[in-house]
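Chemist: please work out how this folds:
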Amino acid sequence: MKAMGFPLVYKLGDGLLDNIGEYVRPFGKKPLVVADAFVRSLYEEALVQALKREDITPLFVDFGGECSPAAIESASQKARDEGCDCVLGFGGGKAIDTAKAVKIETGIHVIIVPTIASNDSATGRLAITYNDDGTFIGPRFLENNPDAVLVDTGIVARAPVRFFIAGIADALVTKFEADQCVASGCDNFFGARPTEAAICLADACYTIVRKYAPEAVRHVREQRVSEAVEKVVEANTLLSGLGFEGCGVAAAHAIGMALADLPGAKGVLHGEEVALGLIAQFMLEKRDDAFMKDMLDFYTAVGLPASLKDLGIPEPDAEQLRKTATFVLRPKSRIHNMSIPVTIESVEEAITQANKFVAAYRAGSSDS
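Modeler: Numbering: from 1, shown residues only. Below you'll find the model as predicted:
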């Protein structure tokens, strides 16, 4: 069987927030809004006024910034007590995931309004949960994709460019992990094989970011919206989200997320993790030097991190490296979606060689 999922509605455009009431109205008249204090300080007034024009009365929940069981329960109970008919996740990934979790708990409609384009989670069913101290718990899944995803590209373009660049990395890896998943015959996130549509979307992510990302990054640094920015935001938030769920993920995610647990990695963004993981995946695939140089030229043009040093993470010693590689090879890890044999030793070598190759590239030599 083949399967993939889609949000019911996806809208993207500069100034979309001004008309958001029109897009929320089909799903409810009393939304619970999950947004942190910083996002509220920037956009609460505009959101309230836009909803009010459609006779929609929002109710804000105090959100401390972690998608934790306590935050989920508090928001869900407030939605029940106040009779909310939908939940609006307004902000970054953790506000979005908390809103998805409220949907899981209450069954009300969920609407996603990302204020950054740092990863591809907006359209997906996945909600990652954490303890209140920020330590990882695990994923929860919506039965279906969000009801609506509404992206104001003006808001995204005004966010720090680091988030935008991280989203480019998450979009970039989609194709290469999809290729491995298709070749290995593994199931996607729906427990099925990829559709041709999902494969095409994964390929489109790569085509778009390779063509438009350098220009788009320049424009976001200037905090302005352009055709290039809108194409890349769509790749980051829609095409990549549908592509990764519909095809699956592999070494780039498995290795990148493991590297993010190394000492000194606190604060690394998800897209930055997988940017490093993709270089290691290429080492596992034994890509040739010409391919690697071309890819690193792109990383450089966009400003993507390519090595641990780029993110201020010390290189692991032998013990740390073995621990990381062992974690990557744990049961049910996405590393097992690779179409080639992978061992603890080959992961250790891939991580080591990735850093060496990048250092040599930077020094003007491809000898690795």
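
Chemist: on the three-state scheme, residue 12 is what?
Modeler: strand (DSSP: H, G, I helix; E, B strand; the rest coil).

Chemist: residues near it, how many?
Modeler: For residue 12, the count of nearby residues is 18 (other Cβ atoms under 10 Å). For the C-beta atoms, the positions are set from N, CA and C on the backbone; glycine is no exception.

Chemist: cool, and the one 10 residues further on?
Modeler: For residue 22, the number of neighbouring residues by other Cβ under 10 Å comes to 15.

Chemist: give me the element it is part of.
Modeler: According to DSSP states H and E, residue 22 maps onto helix 20-24.

Chemist: can you list contacts of that helix?
Modeler: 9, 11, 16, 31, 47, 50-54, 56, 86, 88, 111, 113, 148, 150 (Cβ atoms under 8 Å, 6 or more residues apart in numbering).

Chemist: check stretch 346-359 too.
Modeler: Outside stretch 346-359, the residues touching it (Cβ under 8 Å, 6+ apart) are 251, 255, 259, 276, 279-284, 292, 296, 306-309, 315-316, 321-322, 324-325, 328-329, 335, 366, 368.

Chemist: distance of residue 5 from residue 151?
Modeler: Here the criterion is Cβ to Cβ, to the nearest Å. By it, residue 5 lies 18 Å from residue 151.

Chemist: surely residue 322 touches residue 343?
Modeler: No - at 11.9 Å, residue 322 does not count as touching residue 343 under the criterion of Cβ atoms under 8 Å.

Chemist: on the three-state scheme, residue 331 is what?
Modeler: Applying three-state DSSP: residue 331 is coil.

Chemist: now do the strands in the chain.
Modeler: With DSSP state E as the criterion, the chain has strands at 9-13, 31-35, 59-62, 86-91, 109-114, 126-130, 136-141, 148-152.

Chemist: quick check: which of the ones you listed is buried the most?
Modeler: strand 86-91 (a mean of 30; mean count of other Cβ atoms under 10 Å).

Chemist: chain center to that one, what's the gap?
Modeler: For strand 86-91, the separation from the chain centroid amounts to 17 Å (computed by Cα atoms, centre = their mean, to the nearest Å).

Chemist: partners of it in the sheet?
Modeler: strand 31-35 (parallel), strand 109-114 (parallel) (DSSP bridges).

Chemist: tilt between the last one and strand 126-130?
Modeler: The one in question is strand 109-114. 80 degrees (axes from the mean of the first three to the mean of the last three Cα atoms, to 10 degrees).

Chemist: grab the most central residue of this structure for me.
Modeler: When the chain is reduced to its mean C-alpha position, the nearest residue by Cα atoms, centre = their mean turns out to be residue 119, at 2.4 Å.

Chemist: just checking, it touches residue 93?
Modeler: Yes - contact criterion Cβ under 8 Å: residue 119 and residue 93 qualify, at 6.1 Å.

Chemist: please enumerate the shared neighbours of the two.
Modeler: Shared contacts of residue 119 and residue 93 (Cβ under 8 Å, 6+ apart): residue 270.

Chemist: before we move on, the earlier item: now a PyMOL select for only the buried ones of the contacts of stretch 346-359.
Modeler: To isolate the buried ones among these in PyMOL, judged by 16 or more other Cβ atoms under 10 Å, type:
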select buried, resi 251+255+259+276+279+280+281+282+283+284+292+296+306+307+308+316+321+324+325+328+329+335+368
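
Chemist: among the contacts of stretch 346-359, name the ones in helices.
Modeler: 251, 255, 259, 276, 279-284, 292, 296, 321-322, 324-325, 328 (DSSP state H).

Chemist: follow-up on the earlier one: and the strands of the chain as JSON lines, adding distance to residue 196 and mean pLDDT?
Modeler: Converted to JSON lines, the strands of the chain look like this (distance: least, Cβ to Cβ, whole Å; pLDDT from 0 to 100):
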{"stretch": "strand 9-13", "distance to residue 196": "20", "mean pLDDT": "98"}
{"stretch": "strand 31-35", "distance to residue 196": "35", "mean pLDDT": "99"}
{"stretch": "strand 59-62", "distance to residue 196": "41", "mean pLDDT": "95"}
{"stretch": "strand 86-91", "distance to residue 196": "30", "mean pLDDT": "98"}
{"stretch": "strand 109-114", "distance to residue 196": "26", "mean pLDDT": "99"}
{"stretch": "strand 126-130", "distance to residue 196": "23", "mean pLDDT": "94"}
{"stretch": "strand 136-141", "distance to residue 196": "24", "mean pLDDT": "91"}
{"stretch": "strand 148-152", "distance to residue 196": "23", "mean pLDDT": "99"}
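
Chemist: with that, I have no additional questions.
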